[in-house]
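>>> quick one, fold the following:
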Amino acid sequence: MKTKPNIYHEKQSRQLCALHTLNNLFQKSDTFTKALLDDLCLQLTPNSWINPHRSIFGLGNYDVNVVMAAVQLMDCEMVWWDKRRKITPHEVNSAVGLILNLPSPSKVGGLLFPFKTKHWLAIRQFDSVYYNLDSKLSSPETIGDVQQLIEHLTRHLDEDDCELFLVNSTKPCTLAVAEQM
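Numbering: from 1, shown residues only. Have a look, this model is predicted:
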């Protein structure tokens, strides 16, 4: 039986799921910091008193524009998945990783609010097995092979307000493959 690979996994803190998703996706704790994501927010909207790309309280809750800008810093791009299309093994196997943005109950402490917020999470392949790297989990959760991944993603995409992004390398193919080895 194969041993579980050593997978880097950050846990949820405040409204920083986008930060944790990026670090989990790229498998390094300091790939991104809150300060860097806040700086990207300012670069996206430099002359705004209230920045539309993050929480007004400065706790995180970054939007898709910040996540896309951060991914670009890693020589990758985020491609929005049209959920009317069927997911194929080729598309997910060729991606560096996947990011889901899905509805999440809004709560502070034990108090549940009547509205939902959005939550970011990363999915990545290690040794031919896909793992859910959701920062709300205590540890990475095994999804399985590519067919099990497609079933997992399809279930999520059938939910309202769930979005899938494929993270692809923008480097030439041979360089991107060499770096993954």
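>>> next, count neighbours for residue 80.
12 (other C-beta atoms under 10 Å). Glycine gets a C-beta too; all of them are placed from N, C-alpha and C.
>>> shouldn't it be in contact with residue 165?
Yes. Here residue 80 reaches residue 165: they are 5.8 Å apart, a contact under C-beta atoms under 8 Å.
>>> for residue 171, helix, strand, or coil?
coil (DSSP: H, G, I helix; E, B strand; the rest coil).
>>> grab the nearest non-local neighbour of it.
Computed as C-beta to C-beta, 6 or more residues apart in numbering, the closest residue to residue 171 that is not its neighbour in sequence is residue 75, at 5.3 Å.
>>> residue 89 now?
Leaving aside its chain neighbours, residue 89 sits nearest to residue 146 (4.6 Å; criterion: C-beta to C-beta, 6+ apart).
>>> wait, that neighbour touches residue 93, no?
Yes. Contact criterion C-beta under 8 Å: residue 146 and residue 93 qualify, at 6.1 Å.
>>> secondary structure element for the nearest residue to residue 81 once chain neighbours are set aside, which one?
Distance criterion C-beta to C-beta, 6+ apart; nearest residue to residue 81, sequence neighbours excluded, is residue 164 at 4.0 Å. For residue 164, the host element (DSSP states H and E) is strand 163-169.
>>> lowest-confidence helix or strand of this structure?
Within the chain, no helix or strand scores below helix 173-180, which has a mean of 53 by mean pLDDT, DSSP states H and E.
>>> name whatever forms a beta bridge with the closest residue to residue 5 other than its chain neighbours.
Using C-beta to C-beta, 6+ apart and skipping the chain neighbours, the partner closest in space to residue 5 is residue 126 (4.3 Å). Bridge pairing for residue 126 (DSSP bridges) gives the partners residue 129.
>>> returning to what we had before: show me what contacts the residue nearest to residue 89?
Going by C-beta atoms under 8 Å, 6 or more residues apart in numbering, residue 146 touches 89, 92-93, 130.
>>> ok, it to residue 139 distance?
22 Å (C-beta to C-beta, to the nearest Å).
>>> please enumerate the helices of the protein.
17-26, 34-44, 64-72, 89-93, 146-157, 173-180 (DSSP state H).
>>> worst average pLDDT in those?
Between these, the lowest average pLDDT goes to helix 173-180, which shows a mean of 53.
>>> okay, buried residues for stretch 5-18 please.
For stretch 5-18, the neighbour count (16 or more other C-beta atoms under 10 Å) marks 9-10, 15-18 as buried.
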